[in-house]
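In: fold the following for me, if possible:
(chains A and B)
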Amino acid sequence: DSGVTQTPKHLITATGQRVTLRCSPRSGDLSVYWYQQSLDQGLQFLIQYYNGEERAKGNILERFSAQQFPDLHSELNLSSLELGDSALYFCASSYRARGGNTGELFFGEGSRLTVL
Amino acid sequence: AQKITQTQPGMFVQEKEAVTLDCTYDTSDPSYGLFWYKQPSSGEMIFLIYQGSYDQQNATEGRYSLNFQKARKSANLVISASQLGDSAMYFCAMREGPNFGNEKLTFGTGTRLTIIP
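Out: All right, here's what the predicted structure looks like:
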């Protein structure tokens, strides 16, 4: 158990709909990362938040948005869903280096989104 | 150019044998970190081992070791005495820059390892 919690684990929805994926990072971790894993694109970095602020942006579509709340949990919002958005969405967390930290990301179990 | 390259889409290895999974990387940053993750069929991503660019010795974690050849920009994962439970997808990943609150990782395409009894 990595300590990172993602809900829901599975989600089936229709094209054009909107969904929200939720992530609770490990206790004490300030950074949250969102990744998308699809069969044809592999693991793609979407976005990072650090202590409530957006820190880095990757290949995130304009239809997607995210935020990190004061309690450090994060939500990824996916709207106007298309068939190609079907993927496993991972949240990962980490904490600021304090000497000896390797900086590995701790991943949740993922939210599997199926768009029909 | 790909930052992380894993050239072996799939590998089959006999149980109890050692296996080497290849990974090459590309960065101009002198400070970086290299990671290996395991993804079993259940889907979760499990951290295995880490190597920093300034580390003098190759990293080891139990049956896992990282063969770090900096000049060749390679960071191969070696699994000794393979077990059936090692069957999974393995990803090599890299962090560019020092580890100061920027742990964004770039992943390779992965190698699917199958251990044969």
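In: which intervals of chain A have sub-threshold pLDDT?
Out: Regions of chain A meeting the criterion pLDDT under 70 cover residues A:96-102.
In: how about the contacts made by the closest residue to residue B:30 other than its chain neighbours?
Out: The shortest distance from residue B:30 to any non-neighbouring residue, by Cβ to Cβ, 6 or more residues apart in numbering or on different chains, is to residue B:53 (6.7 Å). No exception for glycine: its C-beta is placed from N, CA and C like everyone else's. Contacts were defined as Cβ atoms under 8 Å, 6 or more residues apart in numbering or on different chains; by that measure residue B:53 touches B:30, B:31, B:32, B:33, B:34, B:70.
In: quick one: secondary structure of the residue positioned nearest the centre of chain B?
Out: Among the residues of chain B, the one closest to the centroid is residue B:36, at 3.3 Å (Cα atoms, centre = their mean). When the structure is split into helix, strand and coil by DSSP: H, G, I helix; E, B strand; the rest coil, residue B:36 lands in strand.
In: in contact with it, which residues?
Out: Residues touching residue B:36, when contacts are defined by Cβ under 8 Å, 6+ apart, comprise B:21, B:23, B:47-49, B:64, B:66, B:75, B:77, B:90-93.
In: pairing partners for it in the sheet, please.
Out: Here residue B:36 shows beta-bridge partners residue B:49, residue B:92, assigned using DSSP bridges.
In: same question, residue B:88
Out: Each beta-bridge partner of residue B:88 is listed here: residue B:113, as defined by DSSP bridges.
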